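Novice: Return atomic coordinates for the entry below.
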Amino acid sequence: MSKILLLEDDTNLNDTVTEFLEDEGYEVVSVYDGEEAQEKLYENRYDLLLLDINVPGIDGFELLKESREHGIVAPAIYITSMDSVEDLEEGFKSGCDDYIRKPFALKELKIRIDTLLKRSFYHQEKERIIISKDIAYDINNNELIIEDKPVSLGNKEAILLKLFVKNEGKVMAHELIFDHLWGYDEEPSDSALRTYIKNLRKLIGKDRIVSIKKQGYKFITEK
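Specialist: Numbers count the residues shown, from 1 in each chain. The predicted model follows:
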């Protein structure tokens, strides 16, 4: 399940977008001002940022610019009523990936979100990434598919699998995995990580997740 941070100070619009996206299967953390959004950005990791620009406190431009300087790379969409070329230029300079202008259709918003989330998988045109025979990863729905049927995963296992798939072939250091799996107010655990790895190996095969001594883990697909 993809996690989205929504910053929108219009209560009605915030509620409408949140309800729509949750119905579409996203996890949404909604806030109403820049300061609260800033706090949430440093407490948790998000797959996508949906930011209004003219909000109380820190505006959307400054918020995103600052977050990019601190290494937050989640794709970002501005939702705004601004329409000048200068505003557009400032938005992209601050680090956004897309714009959607108010008023907008919720279906259009979903299309834009899905497009950016798919790009995070190295711009793959395929809908699924093949892990091994009869096992695949559905990019659109962030689901493990075994014999053409979706398999239910625990929250941590789902986050971990998505991280592995996006970094296939790379050695993922323990510290990096900890940062993705555990939030600001959670205590990382080596034993818990080993349990999540064990649970995934039971489903996709022990050879798909390789332990690299004193370094971390590497996810490999069957060639």
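
Novice: which residues of the chain fall in helices?
Specialist: Applying DSSP state H to the chain gives helices spanning 11-23, 34-43, 60-69, 85-93, 106-119, 155-166, 174-181, 190-204.

Novice: out of these, nearest to residue 75?
Specialist: If you check each of the helices of the chain against residue 75 by C-beta to C-beta, helix 106-119 wins as the nearest, at 4.1 Å. C-beta coordinates here come from the backbone N, C-alpha and C atoms, glycine included.

Novice: Which neighbouring elements make contact with that closest one?
Specialist: Here helix 106-119 is seen to pack against helix 11-23, strand 48-52, strand 76-80, strand 98-101 when contacts are counted using 3 or more C-beta pairs under 8 Å, 6 or more residues apart in numbering; DSSP states H and E.

Novice: Okay, the closest residue to residue 113 other than its chain neighbours and residue 131: tell me how far apart.
Specialist: Sequence neighbours aside, residue 48 is the residue nearest to residue 113 in space, at 6.0 Å (criterion: C-beta to C-beta, 6 or more residues apart in numbering). Separation of residue 48 from residue 131 (C-beta to C-beta, to the nearest Å) stands at 24 Å.

Novice: looking at it, residue 98 is touching residue 114, isn't it?
Specialist: No - at 11.4 Å, residue 98 does not count as touching residue 114 under the criterion of C-beta atoms under 8 Å.

Novice: okay, and the helix or strand of the chain with the least pLDDT?
Specialist: helix 85-93 (a mean of 71; mean pLDDT, DSSP states H and E).

Novice: Tell me which residues touch the spatially most central residue of the chain, please.
Specialist: Note on the chain: the residue nearest the mean C-alpha position is residue 47, at 1.4 Å, using C-alpha atoms, centre = their mean. Going by C-beta atoms under 8 Å, 6 or more residues apart in numbering, residue 47 touches 2, 3, 4, 74, 75, 117, 120.

Novice: Pull the number of nearby residues for the fourth one.
Specialist: Using other C-beta atoms under 10 Å as the criterion, residue 74 is surrounded by 20 other residues.

Novice: Please apply the same query to the first one.
Specialist: Counted with other C-beta under 10 Å, the burial measure for residue 2 works out to 20 neighbours.
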